[in-house]
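Asks: fold the stuff below for me.
(2 chains)
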Amino acid sequence: MNLVCLVKCIPDVGEITIDPVRHVLVRENLDLVINPEDAQAVAIALSVKRRFQNTRITVVSMGPPNAKPLVEDLLRLGVDHAVFLCDPSFGGSDTYATSTILAKALQSIPFDWILSGTHTLDGDTAHVPAQIAQALSLNHLSHLTAVDLSMAEQHTLIVDSEDDHTITRIAIDAPGILSFSKEAPFKLPYVAYDDLDKDVSDRLSVKTHQDLGLKRTQIGFEGSKTKVINTFVPTRPSKAKIVVQLNDEGLDTVIDTFKTWGYLP
Amino acid sequence: MRILILIDSCHPELTRELSAVAHELTRDPKLHGIAFDPTISPKESTLDILHTPTQPIPAVDQAAIISAILSLLHTTPFKAILVPATPFGRQIAPRLAMALHTGLVADVTQIQSTEHGLVMIRPAYSGKLMASIVNTADGPLMMSIRQGVFSGDHLPTKTPSRHVLAASVQLSPGIRILESRPKTMTEDIRQAKILVSGGGGIQHHFKELHRLAEVLGASVSASRRIVDSGIVSRKIQVGQSGKTVSPDLYVALGISGSVQHIEGLRNIKHLVVVNTNPNAPLTALADLVVEGDAVEFIHRFTERIRQRDAEGATHGR
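Replies: Presented below is the predicted three-dimensional model:
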């Protein structure tokens, strides 16, 4: 079985701070991490490989040069091959251009299943897996929390997709794209201490837009269909705040306010 | 101007919110809706025309849904396509944008007409930053709209004329729904309309919070500190490492309001903070601040409500 995992390396969103004067992200010294839901997709692929020995896992990731060590660590965890799409001219790609680039890379990789996360923590558009599915005419399911491999050898997977209210069990035939959500119970292990410096360069291919046969007009700012013209820090509207002391008068105000808001009859 | 609205059959009520966006886009929009369940009721709508296929298309069969939409667009061009930012809408919209070679902006919370044309504004980096985005493509303007942000309450109710799509539906054979079941609900704090939430300030009296919940008809949630000390399950934790909640009323008792806690509060209509420290970070966002001990507040407030209800009963109300 050929599995491809789509992995995005993102700034560690929890560590992001905003420059209070310039109202921009402080990007300096920001560590990259593997998007947590994408890490789950790799963890699932590794568990499939443990069960079906003939599984081959390829990771495809597009990112800046400092994402490369994170991709190398996935190879140290048991991923067979990685395609790292790294080219300054990819910079500025919106989700349309990104999906175009990834879809092009996927055309030269054999796969039965493409696994990914549903959301990324940085952009959180959830566009890219769906757009790749459209570009490659594949079925796509997202918000997946469980996968049943009992029919995997018949090229069918049974998956659970969850929204806020419903769990839907779906059978899907290969090839397809499966996007997992953070509720899925899979975790990527740490790289074993002895493997930390393991040379994996023979299993990593770095590709540029020329390698993929893409034109400049298809990628980056030029290939994008949307443009960010401005970013700003949200300001919370200053509210007409009521402040009371905890005494009878204060409680009267609380009760009257709750009545005005409609929470008490 | 013709505008197309995608209808999520699980959330048909969002059509009204999307119609409000359409009315912000243009003065007098001609509103078309497309639904994939032909049995959907067209009554109580804000639409002029409702398009449905000849037979139902399951939500998971995105290829068939895209074909149905494309068949409509083939005969009827639209200036803009609006999609609810539900799980369903957010799966269909990217595929459609890709098929139409147009730009898509996700989870829009605000729109503005500027010299750059129409600007769509959305949160990024977990809401730490807002991005203003324009569509640079020639195709229709596309966006998914965050739920609960735009209000269409003021729009007149119409009964749209029904149009059945001419193209026959080809369902994809490679994808089959086996079973669909409701989640067994251990009460989900994300669904609560009113939440009373306890933090370090009521640590040893957390159980008392249920009395307050009872008189307000609220659900109970907690800050990370309470969860980490093992008093309650992580299922009811609000914040970055817990859940993001959007109740109408959030009453924070003895919660100072770390950045991580505030991260878990979204679109809260009314925020009430009870704290001995009137300068606790959360008070900066509050509509109402009660300066005092949270445990004492629980006792005195519930007592007052009980008295009030008892008096109401004797007056025959």
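
Asks: in the stretch 1-150 of chain B, which residue sits closest to chain A?
Replies: The nearest approach of the stretch 1-150 of chain B to chain A comes at B:G103, 3.3 Å away (C-beta to the nearest C-beta). (Each C-beta comes from the backbone N, C-alpha and C, glycine too.)

Asks: quick check: phi and psi at that residue.
Replies: Backbone torsions of B:G103, given as degrees, to the nearest 10, read phi -80, psi 160.

Asks: so who does it touch?
Replies: A:94, A:96, A:224-226, B:97, B:135-137, B:139, B:141-142 (C-beta atoms under 8 Å, 6 or more residues apart in numbering or on different chains).

Asks: mind picking the lowest-pLDDT entry from those residues?
Replies: Here the lowest pLDDT out of these sits on B:G139, with 88.

Asks: pull the contacting residues for that residue.
Replies: When contacts are counted by C-beta under 8 Å, 6+ apart, B:G139 touches A:225, B:97, B:100-103.

Asks: what ranges of chain A fall below the confidence cut-off?
Replies: Where chain A drops to pLDDT under 70, the residues are A:14, A:20-29, A:164, A:235-240.

Asks: pick out the residue closest to the middle of it.
Replies: Nearest residue to the geometric centre of chain A (C-alpha atoms, centre = their mean): A:T120, 3.7 Å.

Asks: does A:Q131 sit in a helix, a strand or a coil?
Replies: Put simply, A:Q131 is helix when judged by DSSP: H, G, I helix; E, B strand; the rest coil.

Asks: once you drop chain neighbours, what's closest to it?
Replies: In this structure, A:Q131 finds its nearest non-sequential neighbour in A:S99, 3.5 Å apart by C-beta to C-beta, 6 or more residues apart in numbering or on different chains.

Asks: ok, now B:S229?
Replies: Once flanking residues are discounted, B:S229 sits nearest to B:Q203: 6.6 Å by C-beta to C-beta, 6+ apart.

Asks: if we can go back for a sec, now the contacts of B:G103 in a markdown table, with secondary structure and distance to B:E296?
Replies: Listed next are these as a markdown table, based on DSSP: H, G, I helix; E, B strand; the rest coil; distance: C-beta to C-beta, whole Å:
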| residue | secondary structure | distance to B:E296 |
| --- | --- | --- |
| A:D94 | coil | 54 |
| A:Y96 | helix | 57 |
| A:S224 | coil | 57 |
| A:K225 | coil | 58 |
| A:T226 | strand | 53 |
| B:A97 | helix | 55 |
| B:N135 | strand | 55 |
| B:T136 | coil | 58 |
| B:A137 | coil | 60 |
| B:G139 | coil | 61 |
| B:L141 | strand | 54 |
| B:M142 | strand | 53 |
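
Asks: need the contact list for residue 241.
Replies: In the absence of a named chain, this looks at chain A. Counting by C-beta under 8 Å, 6+ apart, A:K241 has contacts B:283, B:286-289.

Asks: wrong one, chain B
Replies: Going by C-beta under 8 Å, 6+ apart, B:S241 touches B:224, B:260.

Asks: need the contact list for the residue nearest to A:Q131.
Replies: Taking C-beta under 8 Å, 6+ apart, we find A:S99 in contact with A:127-128, A:131-132, A:134-135, B:94, B:98.

Asks: give me the distance between it and B:E115.
Replies: Distance, A:S99 to B:E115, using C-beta to C-beta, to the nearest Å: 30 Å.

Asks: what do you get for B:A97?
Replies: According to C-beta to C-beta, B:A97 and B:E115 sit 25 Å apart.

Asks: pLDDT at the residue of the stretch 1-150 of chain B closest to chain A, what is it?
Replies: B:G103 carries a pLDDT value of 97.

Asks: all helices for the stretch 51-200 of chain A, in order.
Replies: With DSSP state H, counting those that start in this stretch as the criterion, the stretch 51-200 of chain A has helices at A:68-76, A:95-106, A:128-135.

Asks: can you point out the buried residues in stretch B:31-45?
Replies: B:31-37, B:40, B:42, B:45 (16 or more other C-beta atoms under 10 Å in any protein chain shown).

Asks: identify the farthest-apart pair in the residues you listed.
Replies: Largest separation among those by C-beta to C-beta: B:L31 and B:D37, giving 18.8 Å.

Asks: what about the closest residue to A:D160 other than its chain neighbours, neighbour count?
Replies: Leaving aside its sequence neighbours, A:D160 sits nearest to A:A146 (C-beta to C-beta, 6+ apart; 4.1 Å). Neighbour count for A:A146, taken as other C-beta atoms under 10 Å in any protein chain shown: 17.

Asks: number of nearby residues for the residue of the stretch 151-265 of chain A found nearest chain B?
Replies: Nearest residue of the stretch 151-265 of chain A to chain B (C-beta to the nearest C-beta) works out as A:L246 at 2.6 Å. The number of residues packed near A:L246 is 19, by other C-beta under 10 Å.

Asks: cool, and the one 3 residues further on?
Replies: As a burial measure, the neighbour count of A:E249 was computed by other C-beta under 10 Å and equals 9.

Asks: that one in helix, strand or coil?
Replies: helix.

Asks: repeat that for B:P173.
Replies: Going by three-state DSSP: B:P173 is coil.

Asks: in contact with it, which residues?
Replies: A:D173.

Asks: can you give the strand pairings for the longest strand seen in chain A, parallel or anti for each?
Replies: Ranked by residue count under DSSP state E, the longest strand found in chain A is strand A:139-148. The pairing partners recorded for strand A:139-148 under DSSP bridges are strand A:156-162 (antiparallel), strand A:176-180 (parallel).

Asks: do a quick rundown of the strands in chain A.
Replies: Under the criterion DSSP E, chain A contains strands at A:2-7, A:9-11, A:32-34, A:56-62, A:81-85, A:113-117, A:139-148, A:156-162, A:166-173, A:176-180, A:204-207, A:226-232, A:242-245.

Asks: residues touching residue 73, list them.
Replies: The chain I'm using is chain A. Contacts here follow C-beta under 8 Å, 6+ apart; on that basis A:D73 touches A:V191.

Asks: should've been chain B
Replies: Contacts of B:L73 were listed using C-beta under 8 Å, 6+ apart, and they are B:4, B:100.

Asks: show me what secondary structure element comes after the helix or strand it falls within.
Replies: Using DSSP states H and E, B:L73 falls within helix B:62-75. For helix B:62-75, the following helix or strand on the C-terminal side (DSSP H and E) is strand B:80-84.

Asks: residues from the stretch 51-200 of chain A in reach of chain B?
Replies: Taking C-beta under 8 Å from any C-beta of the partner chain as the contact definition, the stretch 51-200 of chain A meets chain B at A:94-96, A:99, A:121-128, A:130-131, A:133-135, A:137, A:139-143, A:158, A:161-173, A:176.

Asks: can you say which of those residues are buried?
Replies: A:94-96, A:99, A:121-128, A:130-131, A:133-135, A:139-143, A:158, A:161-163, A:167-170, A:172-173, A:176.

Asks: could you show me where the helices are in the stretch 1-150 of chain B, in order?
Replies: B:14-25, B:62-75, B:87-100.
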